[in-house]
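Enquirer: Below: sequence and its predicted model.
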Amino acid sequence: MRLSEIILLVTLICAGCSVKPEPLNYGTDMCQTCKMTLIDSKFGGEVVTRKGKVYKFDDLNCMVNFLNSEFLNNAEIAHRLVIDYSRPGKLIDATQAFYLKSPEIRSPMAGSIAAFEFEADKDAYKKQWGAIYLTWGEVVAQFK
């Protein structure tokens, strides 16, 4: 086999191997950090590596502690995802989400933070909970 044929073969094989998130299976999946069963579909998160390994979490507290542990380095991570509080079970990009923190937010591991895909949803809950707005960087710093 010539080098060009080998490169073509590897390219074709890799094209079918895309790294994708998995849905969180509430009542079945276990949190990577605290080992509790995921139960509240308004909360949760997922880290997917470039090799396709999926780590699931029941709360932002657990997910951020995992990320801060440096078990994985940033270059190994393909996706950082969180659940949209206003659309239970829907995974969204953690780095693009809008976050609220309030003692009124009863998350599974007392993280007291909810994520939102859309700013308008965040704004509606912000008033209701008397919450403060956080960026992804501020969320990560909350659990250091």
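Expert: Yep, that arrived. Numbering: from 1, shown residues only.
Enquirer: For the rest of this, base every contact and every neighbour count on C-alpha atoms.
Expert: Fine.
Enquirer: Next SSE downstream of the lowest-mean-pLDDT helix or strand in the chain?
Expert: Least confident element among the helices and strands of the chain, by mean pLDDT, DSSP states H and E: helix 3-15 (a mean of 48). Using DSSP states H and E, the helix or strand that follows helix 3-15 in sequence is strand 45-49.
Enquirer: ok, residues contacting that following strand?
Expert: 19-21, 54-60, 63, 76-83, 91 (Cα atoms under 8 Å, 6 or more residues apart in numbering).
Enquirer: Just the CA trace of stretch 53-64, in PDB.
Expert: Provided in PDB are the C-alpha atoms of stretch 53-64 (Å, rounded to 0.1, in the frame of the first residue of the first chain):
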ATOM      1  CA  LYS A  53     -15.000   9.500  26.700                       C
ATOM      2  CA  VAL A  54     -18.000  11.000  28.400                       C
ATOM      3  CA  TYR A  55     -18.100  12.100  32.000                       C
ATOM      4  CA  LYS A  56     -21.500  13.000  33.500                       C
ATOM      5  CA  PHE A  57     -22.400  15.200  36.500                       C
ATOM      6  CA  ASP A  58     -25.500  15.900  38.600                       C
ATOM      7  CA  ASP A  59     -24.600  19.500  39.400                       C
ATOM      8  CA  LEU A  60     -22.300  22.300  38.200                       C
ATOM      9  CA  ASN A  61     -20.500  22.000  41.500                       C
ATOM     10  CA  CYS A  62     -19.400  18.400  40.700                       C
ATOM     11  CA  MET A  63     -18.600  19.200  37.000                       C
ATOM     12  CA  VAL A  64     -16.500  22.300  37.900                       C
END
